[in-house]
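Colleague: just the structure for this:
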Amino acid sequence: MNPSKGQLEMQFSARVTQWEKEYLGRGSLSCKCDLLRDMAIVTLNGVLTPAEYHLAKEVSGREQLKKFRNDLVESGRPQLEAMVEETFKRKLTSLHTDISTKTGERLLVFKFDAPWNAE
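Modeller: Residues are numbered from 1 along each chain as shown. Below you'll find the model as predicted:
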């Protein structure tokens, strides 16, 4: 029997959290995955450290922080691609990410080569 949408969302959230801890060195406070058509939209809360919040008070600090954090995610793309294939049996065609330096929330949008529930 194929896993349900909720089971896949929960499984992928757990995998992203594990990847954060192993690859980035720390995890978010919460992680939620939502599947929509050919995408997995992952919301991570509490990803910034107190020092990063302090750095983000200045425009140049915000820009540096966003670039550094996005570069870190991009450098881990091979692992993220493997997670998509293992969880959804789909190829990752594009990955989009942004982080709010005010709220400490990160969004990751994983775009697949086909809808998540296509046979």
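Colleague: nearest spatial neighbour of Met83, chain-adjacent residues omitted?
Modeller: Arg15 (4.9 Å; CB to CB, 6 or more residues apart in numbering). To be clear about C-beta, it is placed using only N, CA and C from the backbone, and glycine gets the same treatment.
Colleague: ok, now how distant is the one you found from Phe68?
Modeller: 23 Å (CB to CB, to the nearest Å).
Colleague: related to what we said a few turns ago, quick one, what contacts the residue nearest to Met83?
Modeller: Met83, Glu86, Thr87 (CB atoms under 8 Å, 6 or more residues apart in numbering).
Colleague: run a quick neighbour tally on the last one.
Modeller: The tally of other residues near Thr87 (other CB atoms under 10 Å) stands at 20.
Colleague: could you do the first one as well?
Modeller: Residue crowding around Met83 was assessed by other CB under 10 Å; the count is 20.
Colleague: can you pull the phi/psi pair for Pro94?
Modeller: Actually, residue 94 is Ser. It isn't Pro. For Ser94, the backbone dihedrals (degrees, to the nearest 10) come out as phi -160, psi 160.
Colleague: ok, now which ones touch it?
Modeller: Counted by CB under 8 Å, 6+ apart, Ser94 has contacts Lys111.
Colleague: kindly report the same for Leu80.
Modeller: By CB under 8 Å, 6+ apart, the neighbours of Leu80 are Trp19, Val73, Leu92, Leu95, Phe110.
Colleague: now swap in Thr101 and tell me
Modeller: Contacts of Thr101 were listed using CB under 8 Å, 6+ apart, and they are Leu48, Glu52, Tyr53, Ala56, Arg62, Leu65, Lys66.
Colleague: look up the pLDDT of Met1 for me, please.
Modeller: Listed pLDDT for Met1 reads 78.
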